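Asks: Predicted model and sequence below, questions to follow.
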Amino acid sequence: MSDIDIRKVLQEELNNIAPEVDIAGVDPAADLREIIDIDSMDFLNFISAVHDRLGIDIPEIDYPKLVTLDGAIAYIGAKLGSGKT
Amino acid sequence: MAELRMPSLGSDMEAGTLVEWLVKPGDRVKRGDIVAVIETQKGAIEIETFEAGEIEQILVDPHSKVPVGTPLAQIRVEREAKPGIAAAVLPPAVAAVPVAAAAVIGAPVAPSLPPVAGAAAAGTRASPAARRLAQERGIDLSTVTGSGPAGAITYADVERALGGAVVAPEKKRAPWLDLDAMRTAIAAAMARSKREIPHYYLEHQVDVTACEQWLTQNNATLPPDNRILIGALAIKAVALAARRFPAFNGFYRENKFEPAQAVHIGVAIAIRGGGLAAPALHDADQLSLDDLMSRMRDLVQRTRAGRIRSSEISDPTITVSSLGERGVELLYGIIYPPQVAIVGFGKTVVRPWVVDGAIGPRSVITITLSGDHRVSDGHAGALFLAEIGKLLQEPSKL
């Protein structure tokens, strides 16, 4: 799965949480919680959705690595690369 | 015969609009089943029936606005025979099967249900409003997954099937939510609270390091769907404390306080775009943390999608408002009448703290109580707040 595909999945899931935000226009290095105003419940739903769609385990201790779009793409790319593919 | 009436969901509500029926004449319902959706100032509310039985007659058509108390439907209550038929001759299986089917939401269509006349797809259960929308947009109902009672297709299911393509982007997030009307309802309730309730305020800083450690350990091996948030611990602690301090759990009506028997925590939920609702998490004191967390997740999701149930609006006995992990340390809540208390949780911060004579970093939350002076005093409030803090020291016992 390419970074572009991962970005697409993440943008779709963030869009489900924050439909009114133009996710493509969001600074990929900014803290998602601040910039699109998501709370801990939204973030948990985001992690759940990514877990279900991509089949990767995201332990709570890794949450800080996923708070920016760039960080999340790098984290998931590494997980998918070292995992089954 | 029982009547399902337009409920009053607050003293400021005079009328409601029936948006959609989820049942039709002949359907069997049990207590707590969702039978209709109405639209009020508070958004769309799912109406539950308090009677078990069979829907005899629908009295109000969708999209009609009627005053509070107007009969919406007639329900033939259980054990009440149809005219001319003695109850004893009804074969028990006939009565039992549809009820059992209704108990499983999303279950396949019960074979005993009569096909709906004029249905495009025979055997597909769908509400009249859903059928109309499907017809208008040329959607085949047999391709739609139903989320209503016994798998019935609702208006919202058809909307979902239509997808985002036909719905304007700014509208697609919450078809039922009218944030302007919600703001009017918030303003009415809060103005009444400030006018009528003599508030007093207390605050208490609580070391929640034990909660964080417990959560880290508990969640480490769980998939995301089973993980617990600190907000669930907060709600459980308030619920247990409210049971021990009944003066904070109940309603002030007609110049007197009525303590509530059950503890239904109103969970303050922020809605994107500037809305707020505090629907009830029923019997929060009785739920395990796992159950409480999944119910809270469901409640937040439904509230943000504009699908609150009628009992969740009218039932809360005390409210909890949490700022979550962002924002600020302290909030002063305004009591939601006719309740008599609201407990606020600020964000968790790391502070230097003295534990066993030594200073160290600890995670601290400031918890506040706004209490109703007509019912309780600061002394009792302090004991109540301190109890919540104590309960949070032993999260494994919550």
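Replies: Good, I have the coordinates. Residues are numbered from 1 along each chain as shown, chains lettered A, B, ... in the order given.
Asks: Tell me the first helix or strand C-terminal of the helix or strand bottoming out on mean pLDDT in chain A.
Replies: In chain A, no helix or strand scores lower on mean pLDDT, DSSP states H and E than helix A:32-35, which sits at a mean of 88. Next along the chain after helix A:32-35, taking DSSP states H and E as the criterion, comes helix A:40-54.
Asks: Report all helices and strands that that following helix contacts.
Replies: helix A:3-17, helix A:69-82, helix B:230-244, helix B:289-304 (3 or more CB pairs under 8 Å, 6 or more residues apart in numbering or on different chains; DSSP states H and E). All C-beta spots, glycine's among them, are computed from the backbone N, C-alpha and C.
Asks: How about the first one and chain B, touching?
Replies: No: applying CB under 8 Å from any CB of the partner chain, one finds helix A:3-17 out of contact with chain B, separated by at least 8.6 Å.
Asks: For that helix, give me every contacting residue.
Replies: A:21, A:23-24, A:32, A:36, A:38, A:42, A:45-46, A:49-50, A:53-54, A:69, A:72-73, A:76-77, A:80 (CB atoms under 8 Å, 6 or more residues apart in numbering or on different chains).
Asks: Buried residues of the least confident helix or strand of chain A, list them for me.
Replies: Using 16 or more other CB atoms under 10 Å in any protein chain shown as the test for burial, helix A:32-35 gives A:Leu32, A:Arg33, A:Ile35.
Asks: near chain B, from those residues?
Replies: Restricting the buried residues of helix A:32-35 to those touching chain B (CB under 8 Å from any CB) yields A:Arg33.
Asks: Secondary structure element for B:Ala44, which one?
Replies: In the assignment (DSSP H and E), B:Ala44 maps to strand B:43-48.
Asks: Quick one: low-confidence residue ranges for the chain.
Replies: You didn't pick a chain, so chain A it is. Residue ranges of chain A with pLDDT under 70: A:82-85.
Asks: nope, chain B please
Replies: Across chain B, the ranges flagged by pLDDT under 70 are B:11, B:42, B:79-124, B:128-129, B:132, B:135-136, B:149-150, B:163-176.
Asks: Reformat the buried residues of helix A:32-35 as CSV; add distance to B:Arg253.
Replies: Formatted as CSV, those follow (distance: CB to CB, whole Å):
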residue, distance to B:Arg253
A:Leu32, 44
A:Arg33, 40
A:Ile35, 44
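Asks: List just the nearest of the buried residues of helix A:32-35 to chain B.
Replies: A:Arg33 (6.2 Å; CB to the nearest CB).
Asks: show me the contacts for that closest one.
Replies: Here A:Arg33 is in contact with A:Asp39, A:Phe43, A:Val67, B:Glu325, B:Arg326 (CB under 8 Å, 6+ apart).
Asks: May I ask which two of those residues are separated the most?
Replies: Greatest spatial distance among those (CB to CB): A:Asp39 and A:Val67, at 12.9 Å.
Asks: So B:Glu56, which state does it fall into?
Replies: strand (DSSP: H, G, I helix; E, B strand; the rest coil).
Asks: So it sits against B:Asp27, correct?
Replies: No: B:Glu56 is not in contact with B:Asp27 according to CB atoms under 8 Å; the separation is 10.1 Å.
Asks: quick one, which of the two is more surrounded?
Replies: B:Asp27 (21 against 18; other CB atoms under 10 Å in any protein chain shown).
Asks: Quick check: phi and psi on that one?
Replies: phi -70, psi 140 (degrees, to the nearest 10).
Asks: And it, how far from chain A?
Replies: Noted for B:Asp27: a distance of 32 Å to chain A, by CB to the nearest CB, to the nearest Å.
Asks: Quick check: closest non-adjacent residue to that residue.
Replies: Closest residue to B:Asp27 apart from its sequence neighbours, by CB to CB, 6 or more residues apart in numbering or on different chains: B:Ile55 at 4.7 Å.
Asks: So B:Arg304 sits against B:Arg272, correct?
Replies: Yes: the pair B:Arg304 / B:Arg272 is scored as a contact, 7.0 Å apart, by CB under 8 Å.
Asks: Contacts for the strand holding B:Ala44, please.
Replies: The contact list for strand B:43-48 (CB under 8 Å, 6+ apart) reads B:4, B:7, B:9, B:16, B:19, B:31-39, B:72, B:176-178, B:181-182, B:277, B:306-311, B:313.
Asks: Tell me which residues are up against the helix or strand hosting B:Ala210.
Replies: Secondary structure assigned from DSSP H and E places B:Ala210 in helix B:209-220. Applying CB under 8 Å, 6+ apart, the contact partners of helix B:209-220 are A:59-61, B:227-230, B:233, B:348, B:362-363, B:392-396.
Asks: Among those residues, name the buried ones.
Replies: Buried residues within those, counting neighbours by 16+ other CB under 10 Å: A:Glu60, B:Arg227, B:Ile228, B:Leu229, B:Ile230, B:Leu233, B:Thr348, B:Arg362, B:Ser363, B:Leu392, B:Pro395.
Asks: Ignoring the adjacent residues along the chain, who's closest to B:Arg351?
Replies: Using CB to CB, 6+ apart, the closest residue to B:Arg351 is B:Val364 (4.6 Å).
Asks: Need the three-state assignment for that neighbour.
Replies: strand.
Asks: Okay, and the beta partners of it?
Replies: Here B:Val364 sits in beta bridges with B:Asp207, B:Val349, as judged by DSSP bridges.
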